[in-house]
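Visitor: Curious how this folds, go ahead:
(chains A, B, C and D)
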There are 4 protein chains.
Amino acid sequence: MSQPAREVKVAIAGATGTVGQRFICLLASHPYFRIVSLNASPRSAGKSYREAVKWKQPVPIPKQVLDMTVKTCEVDQFGDAEIVFSGLDSDVAGDVEEGLRKAEYAVFSNAGNFRRDPLVPLVVPLVNPSHFGIIPHQKETLGLNKGFIITNANCSTTGIVIPLHALEKAFGPLETVMVTTMQAISGAGYPGVSSLDILDNVVPYIAKEEEKIEWELGKILGGLSDDLKEFDYHSKHPMKVSAACNRVPVVDGHLECMSIRFARRPPPSPQQVKDALRAYYSEAQKLGCPSAPEQAVYVHEEADRPQPRLDRHFQNGAGVNVGRVRECKVLDIRMVVLSHNTNIGAATSSVMNAEYAVAKGIV
Amino acid sequence: MSQPAREVKVAIAGATGTVGQRFICLLASHPYFRIVSLNASPRSAGKSYREAVKWKQPVPIPKQVLDMTVKTCEVDQFGDAEIVFSGLDSDVAGDVEEGLRKAEYAVFSNAGNFRRDPLVPLVVPLVNPSHFGIIPHQKETLGLNKGFIITNANCSTTGIVIPLHALEKAFGPLETVMVTTMQAISGAGYPGVSSLDILDNVVPYIAKEEEKIEWELGKILGGLSDDLKEFDYHSKHPMKVSAACNRVPVVDGHLECMSIRFARRPPPSPQQVKDALRAYYSEAQKLGCPSAPEQAVYVHEEADRPQPRLDRHFQNGAGVNVGRVRECKVLDIRMVVLSHNTNIGAATSSVMNAEYAVAKGIV
Amino acid sequence: MSQPAREVKVAIAGATGTVGQRFICLLASHPYFRIVSLNASPRSAGKSYREAVKWKQPVPIPKQVLDMTVKTCEVDQFGDAEIVFSGLDSDVAGDVEEGLRKAEYAVFSNAGNFRRDPLVPLVVPLVNPSHFGIIPHQKETLGLNKGFIITNANCSTTGIVIPLHALEKAFGPLETVMVTTMQAISGAGYPGVSSLDILDNVVPYIAKEEEKIEWELGKILGGLSDDLKEFDYHSKHPMKVSAACNRVPVVDGHLECMSIRFARRPPPSPQQVKDALRAYYSEAQKLGCPSAPEQAVYVHEEADRPQPRLDRHFQNGAGVNVGRVRECKVLDIRMVVLSHNTNIGAATSSVMNAEYAVAKGIV
Amino acid sequence: MSQPAREVKVAIAGATGTVGQRFICLLASHPYFRIVSLNASPRSAGKSYREAVKWKQPVPIPKQVLDMTVKTCEVDQFGDAEIVFSGLDSDVAGDVEEGLRKAEYAVFSNAGNFRRDPLVPLVVPLVNPSHFGIIPHQKETLGLNKGFIITNANCSTTGIVIPLHALEKAFGPLETVMVTTMQAISGAGYPGVSSLDILDNVVPYIAKEEEKIEWELGKILGGLSDDLKEFDYHSKHPMKVSAACNRVPVVDGHLECMSIRFARRPPPSPQQVKDALRAYYSEAQKLGCPSAPEQAVYVHEEADRPQPRLDRHFQNGAGVNVGRVRECKVLDIRMVVLSHNTNIGAATSSVMNAEYAVAKGIV
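Guide: Okay, the predicted model is just below:
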């Protein structure tokens, strides 16, 4: 079991933002992480959290942070935290996270800035925590003792990469992935999407989202070299990925219609695919990470599931829902994937990554 | 020009339903069709239209039908109409439409019952009015003088088949079509989709919809034999079609993310595709059918268009909007298609088909 | 403390409906109620619950009921339950509930059929459980030993009657209540409101709803005669009530804008009103009913709260949220009230009533 | 008839904003107003309109403005326009409009800055164009020849003041108005309301909105002194007004539940109220203003109307819809009012005011 003997002090950078609020919800009742610092923009600094935040969660602000004083994101403002969870916007995340790493903090970032950095692992905790293996090389390269950065994936990538990895483990490499997303508004932060743009509407475009999916899948599904110094980006088995991303009037929960082709011929049947998804059990689960779901991939049999409003809260949003697994008339298998974009698609993944790191002694 | 010297008397079967209401809106101000009969279920018969209908259109009931007495769908209740537009539900449409044909009415049906009938043309007026060519054979086979049935396509098929046909005309046969739809609630009629199923939600399933798209494309895009007696269902160039259908919280307007592969190598570029779509000019337009749009396919250049709420009313919903034409990393070309599902996707297509038939002397 | 030594067996009539599903969610993890019978229409009878139900809750079906066999609502089908919770539709609730009472069941009904019955208490558990006092008279009048019916209030009444009662307790009788409601779609059951009626829309009418509010407030806020045989319907202090009811595109949570006038002059100030609401502590809370909220009325200070999506889940939907307490330019005080219509507005009230009855030895 | 012999040149200040876009839609096809200048912020200036605008209307940009060059709002940038329609935000409207007036432009403003100015008429064209009578005094006081400012009312005021005025004309002064609004998101401009704030939600607060309604009704419904120099603010018959304002997830159309009390006893019956509303015919209609509706107040008899989505487009959004006229148990009469907030509630009112001014020779 992964429960550490000690409590681990954590800070939240970008604590007043949408992702920061989710971090607070998850960490306020965490078995061993303890929030010691809330950091945000200079505009918020000096205020109590309750004054600084425009709280948008469907639960009240946890009492323990109500009167904590928000500090800036200057590197000397994070106190004795060991871990910093970053929910910063990408326009400021780069500098702040780099500074924190240099100051020997373990940074678990939800921002996109370092995802393509060849030293930084892009980890979906239910998929590739093995990529933590590059951390010693990252620290060594930068001459650091404890400081490092790890990132989690973009929310629309996270949802599909979990079942895709489960299938590669069971049936060997994928050759083709086509996906059309229907993404929730919360994925754009606050104020994010204008209501005039999305009420009674769908917007068939999300800036840079398709490129993220098409690129990130390769890094996450690929391996790490034997010397633990380089990612292979799935290059041994080149994979074609095509994504079309849409914003829909849904509060939380990204739904993705996906069709895939395996390298192996004949491909597995829909029943074999469902069996493999149900059987998938990740290392984060084995280690007993407190935020890990009981079932990584829940497979629905009903014709019309999963649905965002009905299924996004299942397992606290920490797993992935799959439904409508069937043959595809063009590729091999079609399915529908639902993931809670601000839980497993964002804050929950960061926290689970940190739990994994603690369990493995990386932090 | 197609304007006939005479006015043409028409009846509407299923006049109180959602599609029937659209027929009334379109026909009330039509240059030469004149509504002479409103027919519906026995429950409505005998009442004035204003009493019988639960009107759900965003314009008031046209004055000319307010006090018309609704009649049943018995075959002797359609008076001296030459044409019957059928907006009946499929559970009753089969018998009623068959009876009307036998009674020598020209039936333009929006229902699905006869779409797969080898004698009945499945006509999208901006695509394949040439299929009207089978009508003499249909009449002869059934020993009829004037009576026949033609149907229009399912709404989600109609949207994509128009640009697909334009592209086949320009670049030769398609090999593969993959499509993920995001369909409006009005497509399910009234009361149709429960608000509890769709508010803050997406339902990744519409019964039989995927099969309809996968099958109808072949009949519409295919040809008619030289003797005008048989459809070829695109069999000379077998086409693989895979569809995934979703219901989204949008009132009107089906949005479809589509990816296609041409037989021809190399395939046309995105720019060539856009040029061909813009240049496409259908026979219904050439004939001056009053309901035909100026532009069959309007191609958007903005990154985030078309959008249902902003673009569905363009050209009175009689054309199709296309956007985001780009290369696909898996097939050749990806694009987004928007069509107004109760206009070009339903009633407008039937009316345009009838206009075509009048212009060609088929009625 | 109200925890009984024993477990109490309960049945759910209308177990497959929307309210029935909420009952199951609440009762599946209840400390002492144990579900022994699920009863529904003949159409569902004989099936397992998982087969019979079209489950619409945002949590999976509780495991303990998945494979229970659904039975009919015939009076001999409720086994050894002591309590029957009724979530039946009003068109069948009358006969079934009357039969169950005659068969000596304690019936806690969510339906409206008996609300105006002079022998049946209309109890909002946070307001008037004292009305249980009429139960002996009900049983005696009908020659029953243990059987009785109690009902809870209509959902839009429940939300406002809790703060109104708190204010009458603090400041004496109310003279006038004006209320405009904005009610969630879940209040209409499933399939209930058609999405075509409510997407991008408000419907300014809910059949019979205004009459219910205008009438029920008097029965609930009024007293019981000294001989415990008659309700006084607030007749000592006649109260004028005017309601306007609207359906809005919100899934759960009724928001109500209310303005009130007290008999007492001068009236209390907004601050006094807020203090009194916060101080209100009901008997159900004192008795430790497991479903009672910690705070019966939570008063918000933020200018723009309460809001349905953000505040409806607070305290598991068992309390009421009040905000914007301010002077009214016409009457005395204006405020906004939010209540979770299927929790405190329906199933939670019934369960809390039953907890009260158990605690008091009435069951 | 009011059709002037000449065309009148007009400019639009704030041409790229939401209200500016509506002005363009209305004016592009106007019988005698001709757009000669589009003015906006320095950020837009120098670009063609198509480049400068983020167009959000459900019709394409009118061709005549597509390639017009947008200019700044400096006072020398409005060319030879006689009239300037201002759709500017209130943070810049004050200075710009004042400068334009000084430069001898006739300014028809949709902003709130001058509504409380004792020299500036607050005109709802279907109600109080007689207030134009103060214009000579305004010009004289400021030493101007042709320049003046007139404003139209806040959108939520406009909807109710039209029926209220019709009723005062028929039955004498009102004593009390209580109103609860359910306002569309378009009332807040673009980007305006965040989708995270309004999807599956209602926000029971709109900053300063209640004060606007409570104050503006008095100025509009009141008279002008005999010397045409002072407004009386309805002071001869003091009127109590209490408003509660809510934002709902509706794109266009403010719905308002209103209850009123007349000074006269006994008050008119619901039938008399409906008759008076239907009979009301404003001076703008009599003068034949091209934007005036045929029917100023349309009274619905159906129990559940008016509804925003179904009725907002009626008469091009230039009239007001009233429904559910009935007795109020507290005041005299309750009713529901629907108005299209960006048409009669904004741009259409300004245009109709200008038409009135042209017809009367004020411009």
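
Visitor: so which residue of the stretch 251-363 of chain A comes closest to chain C?
Guide: Here the residue of the stretch 251-363 of chain A nearest chain C is A:H313; by CB to the nearest CB that distance is 5.2 Å. Every C-beta, even on glycine, is put in place using the N, C-alpha and C of the backbone.

Visitor: Would you tell me what the next helix or strand after the host helix or strand of A:K219 is?
Guide: Counting by DSSP states H and E, the element that carries A:K219 is helix A:209-221. Downstream of helix A:209-221, the next assigned helix or strand under DSSP H and E is strand A:240-247.

Visitor: Summarise which helices and strands that following strand is packed against.
Guide: Under the contact criterion of 3 or more CB pairs under 8 Å, 6 or more residues apart in numbering or on different chains; DSSP states H and E, the helices and strands touching strand A:240-247 comprise strand A:174-183, helix A:209-221, strand B:254-262, strand B:333-339.

Visitor: which residue ranges form the helices in chain A?
Guide: Ranges of helices within chain A are A:18-28, A:49-52, A:63-66, A:90-102, A:135-142, A:155-171, A:195-198, A:209-221, A:270-279, A:283-286, A:308-311, A:348-359, based on DSSP state H.

Visitor: Tell me which residues are up against the third one.
Guide: Pointing back at helix A:63-66 there. A:I24, A:A28, A:I35, A:L38, A:S48, A:Y49, A:R50 (CB atoms under 8 Å, 6 or more residues apart in numbering or on different chains).

Visitor: quick one, what contacts A:I160?
Guide: Listed by CB under 8 Å, 6+ apart, the contact partners of A:I160 are A:V177, A:V179, A:I213, A:L217, A:E256, A:M258, A:V337.

Visitor: now chain A, which segments are flagged as low pLDDT?
Guide: A:1-5 (pLDDT under 70).

Visitor: Domain-wise, how is it divided?
Guide: Listed domain ranges for chain A are A:8-154+A:347-359, A:155-340 (source: automatic domain parsing).

Visitor: of those, which approaches C:C245 most closely?
Guide: Checking the domains of chain A against C:C245 by CB to CB gives domain A:155-340 as the closest, at 23.1 Å.

Visitor: so how far is A:K56 from A:S48?
Guide: With distances defined as CB to CB, to the nearest Å, the gap from A:S48 to A:K56 amounts to 18 Å.

Visitor: cool, A:V241 as well?
Guide: The span separating A:V241 from A:K56 equals 33 Å under the rule CB to CB.

Visitor: Which one's more surrounded, these two?
Guide: Counting neighbours by other CB atoms under 10 Å in any protein chain shown for A:V241 and for A:K56 shows that A:V241 has the greater number, 23 against 17.

Visitor: Bridge partners for the more buried one, pull those for me.
Guide: Using DSSP bridges, the bridge partners assigned to A:V241 are A:V177.

Visitor: Just to check, it is in contact with A:E214?
Guide: Yes. Under the criterion of CB atoms under 8 Å, A:V241 makes contact with A:E214 at 4.5 Å.

Visitor: Between those two, which contacts overlap?
Guide: Jointly contacting A:V241 and A:E214 under the rule CB under 8 Å, 6+ apart are B:K329.

Visitor: Contact partners for A:I344?
Guide: With contacts taken as CB under 8 Å, 6+ apart, A:I344 has the following neighbours: A:L126, A:T158, A:G159, A:I162, A:P293, A:G317, A:A318, A:G319, A:V320.

Visitor: Give me the buried subset of those.
Guide: The neighbour-count test (16 or more other CB atoms under 10 Å in any protein chain shown) marks A:L126, A:T158, A:G159, A:I162, A:P293, A:G317, A:A318, A:G319, A:V320 as buried among the contacts of A:I344.

Visitor: From A:R22, how far off is the residue nearest to the fourth one when sequence neighbours are not counted?
Guide: Residue nearest to A:I162 in three dimensions, not counting chain neighbours: A:V320, with 4.7 Å by CB to CB, 6 or more residues apart in numbering or on different chains. Per CB to CB, A:V320 is found 17 Å from A:R22.

Visitor: what's the answer for A:P173, then?
Guide: Per CB to CB, A:P173 is found 34 Å from A:R22.

Visitor: So for these two, which sits in the more crowded spot?
Guide: A:R22 (25 against 15).

Visitor: Setting aside sequence neighbours, what's the nearest residue to A:L217?
Guide: Nearest non-adjacent residue to A:L217, counting by CB to CB, 6+ apart: A:V241, 5.5 Å away.

Visitor: nope, A:P58 is what I meant
Guide: The shortest distance from A:P58 to any non-neighbouring residue, by CB to CB, 6+ apart, is to C:H313 (5.2 Å).

Visitor: Return the residues in contact with that neighbour.
Guide: With contact taken as CB under 8 Å, 6+ apart, C:H313 is in contact with A:P58, A:V59, C:H340.

Visitor: Just give me the closest of those to D:D67.
Guide: Ranking the contacts of C:H313 by separation from D:D67, with CB to CB as the measure, puts A:P58 on top at 48.3 Å.

Visitor: about what we covered before: who's in contact with the helix holding A:K219?
Guide: Outside helix A:209-221, the residues within contact range by CB under 8 Å, 6+ apart are A:112, A:115-116, A:122-124, A:127-128, A:131, A:153-154, A:156-157, A:160-161, A:164-165, A:168, A:174, A:177, A:179, A:181, A:183, A:231, A:233-235, A:239, A:241-245, B:329.

Visitor: Those residues, buried ones only, as a ChimeraX selection?
Guide: To isolate the buried ones among these in ChimeraX, judged by 16+ other CB under 10 Å, type:
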select /A:112,115,122,123,124,127,128,131,153,154,156,157,160,161,164,165,168,174,177,179,181,183,231,233,234,239,241,242,243,244,245 /B:329
